[in-house]
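>>> build me a model:
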Amino acid sequence: MRGDGMARQRKVIWCFWTCAFLAAFVLLCLIGYSDGDDAFFHQYANSMGFLEYLGWRYETWVGRMSAEALVYVTFRLGLWFWRPVNALMLVLLPLGIITLAARVAGGCGADVPARVDEMGLGVSAAAVCGYLMMSLPTIGYAAVWVNGSVFYTWTFTCGIWALTAVADVVFAPVERGERLGVSAEGCRWQKFLLTIPCAVIASMSIEQIAAVLLTFEVLAVLYLLIWKRRLHPLLTVQTVATLLGFVVLFAAPGNELRVASETESWMPWFDALPTGRHLLLTANWLLSSFANANRLFLCGVWAVCMLLLLQKERRSLADRVSLAAAGILFLVALLPCAGITFFSDMGVQYIPTNVRLEQPPVIELYDGRMWFAMAWWCAALLFTLVLILRVTGGRVVPALVYLAGIASEAILYFSPTIYASGDRLYYLTDLLLLFLILYLAFGVKGKKWRSVTYGWIILLGAGNAVCQMALFFNLL
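Below is the predicted model of the structure:
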């Protein structure tokens, strides 16, 4: 009977993912080419040969060769190629995040099934609701815009699946060797036939995912060498391939030309900005993103952490203080839903994103309320790191994932398009925080309480979708 119940559960879950694919496909059927970048890519993809196009882009604009190749193919084959493929990627991305979170949580001692279709419907629904927790501009620019979806969703999906092989190897139950040796245990070689190409695609696409992927791969190789005293040959090959792709990405002659062009187009004062003021403007933009676009993902992290603290048999004074602080931060983060922006208004929303900024934002015009909001969210981010370390017993991986989410935005310090690029810059941060939420949820004790956790995530997503419904229909 138990086997029959598991078979029914698997059918229900794969039916859910099939419905998710169909829903995404139907939505994408309402989307066409935009007048801006889509028109540009369509024109040149259909007027140049493949190698001619890649060479032109590499020499004059960008080193993102894998993403550019995918864009070329997409605009050559048209919307009816893009729609089903993008719908598939929109499904594979949360599936990859669930798989990665389960592998890491299982390696850290959590009781997690190996297969997504054995985990119950709640985790699948919660992962898909991650899209609903994003701001509408984030999901629009990074997942629904034709060229934006190729650059962001497709390549990020490849990066996430490449990391699943890394997690398989790192968390494999292999004993520490007496002396340094070579061992391919931990992950089937057939999986690397998929993940190595995925790593190459991610490494020559958006710099955010390339940096995150390479960092975790290098850390994994060093961990295996130093702690496990073994060298995994296929993981090493994947890491070297990622590194080479990363070098190709940043060695492009067009990068310097692109930065100079974008500086002139968006921020002519960018290079002359003093370091201190530059750091402050970047911090202002980053903190504002967490206070507004990313806040529901932080709410998810705080909610799961509170439940983990409540499940502790003995709570210390520090646990009680952490529990109270997380609850206060959770409630404050929801205040914008009621129109209260005292804690989240840092002035960034008043900076135009589609015009050339002749002068840098004037810090002297920041009022006390803006400085308070920045200080509040700076403290919130620091507290969240401490909270994650507390509820996980000091585990390094979840803390690194959290810091990677912050770093993936902080690297915009080096970009003159920090305002012009829009909310798509928050996409990777949202995905990393979604991974963290699911990882923490796998540590919740009891099937009932895990279901409650997934319910909170679904509720946050559904509430955010309702709040943005009017904007959604206006955009359509």
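>>> buried sites along the helix or strand hosting Phe21?
Using DSSP states H and E, Phe21 sits within helix 2-28. By 16 or more other CB atoms under 10 Å, the buried positions in helix 2-28 come out as Ile13, Trp17, Ala20, Phe21, Ala24, Phe25, Leu27, Leu28. The C-beta positions use only the backbone N, C-alpha and C, and glycine is treated the same way.
>>> elements contacting that helix?
If you count contacts as 3 or more CB pairs under 8 Å, 6 or more residues apart in numbering; DSSP states H and E, helix 2-28 packs onto helix 79-107, helix 121-133.
>>> so which of the ones you listed gets nearest Ser344?
Comparison of the helices and strands packed on helix 2-28 against Ser344 by CB to CB identifies helix 121-133 as nearest, at 16.0 Å.
>>> pull out the buried residues from that closest one.
For helix 121-133, a neighbour-count test (16+ other CB under 10 Å) marks Gly122, Val123, Ser124, Ala125, Ala126, Ala127, Val128, Cys129, Gly130, Tyr131, Leu132, Met133 as buried.
>>> need the residues you listed in TSV (columns: pLDDT and distance to Val104).
What follows is those, written out as TSV (pLDDT from 0 to 100; distance: CB to CB, whole Å):
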residue	pLDDT	distance to Val104
Gly122	93	19
Val123	94	14
Ser124	95	18
Ala125	95	21
Ala126	96	16
Ala127	96	15
Val128	96	20
Cys129	95	20
Gly130	95	17
Tyr131	96	22
Leu132	95	24
Met133	95	21
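>>> tell me which of the residues you listed is nearest to Phe151?
For the buried residues of helix 121-133, the nearest to Phe151 is Tyr131 (17.2 Å; CB to CB).
>>> for the helices and strands packed on helix 2-28, could you give me a markdown table that also reports distance to Trp376?
Output for the helices and strands packed on helix 2-28, formatted as a markdown table (distance: least, CB to CB, whole Å):
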| stretch | distance to Trp376 |
| --- | --- |
| helix 79-107 | 29 |
| helix 121-133 | 21 |
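>>> quick one: closest of those helices to Leu436.
Of all these, it is helix 79-107 that lies closest to Leu436, at 8.0 Å by CB to CB.
>>> and Asp37, how far from Met134?
20 Å (CB to CB, to the nearest Å).
>>> low-confidence ranges, the protein, go.
1-3, 471-476 (pLDDT under 70).
>>> repeat that with 50
Applying pLDDT under 50 to the chain flags the ranges 1.
>>> I'd guess Leu357 is in a strand, am I close?
No: read with DSSP: H, G, I helix; E, B strand; the rest coil, Leu357 is coil and lies in no strand.
>>> list the residues that contact it.
Trp266, Met267, Trp269, Ile351, Tyr419 (CB atoms under 8 Å, 6 or more residues apart in numbering).
>>> please apply the same query to Ala291.
Ala333, Phe343, Ser344, Met346, Ala373, Trp377.
>>> helices of the stretch 301-450 of the chain, start to end?
Using DSSP state H, counting those that start in this stretch, the helices of the stretch 301-450 of the chain run over 317-333, 368-391, 396-410, 427-441, 447-467.
>>> those: which one's closest to Glu118?
helix 447-467 (12.4 Å).
>>> list the buried residues for that closest one?
Under 16+ other CB under 10 Å, the buried positions of helix 447-467 are Arg450, Ser451, Thr453, Tyr454, Trp456, Ile457, Ile458, Leu460, Gly461, Asn464, Ala465.
>>> nearest to Val401, out of the helices and strands packed on helix 2-28?
Taking those one by one with CB to CB, helix 79-107 is closest: 8.5 Å.
>>> what is that closest one packed up against?
Helix 79-107 packs on helix 2-28, helix 65-77, helix 121-133, helix 155-170, helix 427-441, going by 3+ CB pairs under 8 Å, 6+ apart.
>>> if you set the cut-off to 7 Å instead, what comes out?
helix 2-28, helix 121-133, helix 155-170, helix 427-441 (3 or more CB pairs under 7 Å, 6 or more residues apart in numbering; DSSP states H and E).
>>> chain center to the first one, what's the gap?
Taking the mean C-alpha point of helix 2-28 and that of its whole chain, the gap between them comes to 24 Å (CA atoms, centre = their mean, to the nearest Å).
>>> who does the helix or strand just after that helix touch, helix- and strand-wise?
Downstream of helix 2-28, the first helix or strand assigned by DSSP H and E is helix 37-45. Applying 3+ CB pairs under 7 Å, 6+ apart, one finds that helix 37-45 contacts helix 65-77, helix 146-148.
>>> can you list these in TSV and add distance to Leu425 and mean neighbour count?
Formatted as TSV, these follow (distance: least, CB to CB, whole Å; neighbours: other CB atoms under 10 Å):
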stretch	distance to Leu425	mean neighbour count
helix 65-77	15	21
helix 146-148	11	21
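>>> for Gly245, which of the ones you listed is the nearest?
helix 65-77 (7.3 Å).
>>> which other residues reach the closest one?
41-42, 45-46, 50, 53-54, 57-58, 62, 81-82, 147, 150-151, 154-155, 200-201, 204-206, 248 (CB atoms under 7 Å, 6 or more residues apart in numbering).
>>> repeat the analysis, applying 8 Å as the threshold.
38, 41-42, 45-46, 50, 53-54, 57-58, 62, 81-82, 85, 146-147, 150-151, 154-155, 200-206, 245, 248-249.
>>> can you tell me which of those residues are buried?
Listed as buried from the contacts of helix 65-77 are 38, 41-42, 45, 53-54, 57-58, 62, 82, 85, 146-147, 150-151, 154-155, 200-206, 245, 248-249; burial here means 16+ other CB under 10 Å.
>>> turn the helices and strands packed on helix 79-107 into CSV, including distance to Arg229.
CSV is the format used below for the helices and strands packed on helix 79-107 (distance: least, CB to CB, whole Å):
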stretch, distance to Arg229
helix 2-28, 39
helix 121-133, 35
helix 155-170, 14
helix 427-441, 27
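>>> wait, which of these is closest to Leu90?
The nearest among those, by CB to CB, is helix 2-28 at 4.6 Å.
>>> would you mind getting the angle between that closest one and helix 79-107?
140 degrees (axes from the mean of the first three to the mean of the last three CA atoms, to 10 degrees).
>>> specify the angle between helix 2-28 and helix 121-133 in degrees.
Between the axes of helix 2-28 and helix 121-133, defined by the same axes, to 10 degrees, the angle is 20 degrees.
>>> against Leu357, how distant is the nearest residue to Ala420 once chain neighbours are set aside?
Excluding its sequence neighbours, the residue lying closest to Ala420 (CB to CB, 6 or more residues apart in numbering) is Trp266, at 4.7 Å. For Trp266, the distance to Leu357 (CB to CB) stands at 7 Å.
>>> now do the shared contacts for those two.
In contact with both Trp266 and Leu357: Tyr419, using CB under 8 Å, 6+ apart.
>>> counting neighbours, what do you get for Arg176?
By other CB atoms under 10 Å, 8 other residues sit near Arg176.
>>> that one reaches Lys228, doesn't it?
Yes: counting by CB atoms under 8 Å, Arg176 touches Lys228, with 5.4 Å between them.
>>> picking up where we left off before, return the member of the buried residues of helix 447-467 nearest to Leu224.
Distances from Leu224 to the buried residues of helix 447-467, taken by CB to CB, are shortest for Arg450, at 31.0 Å.
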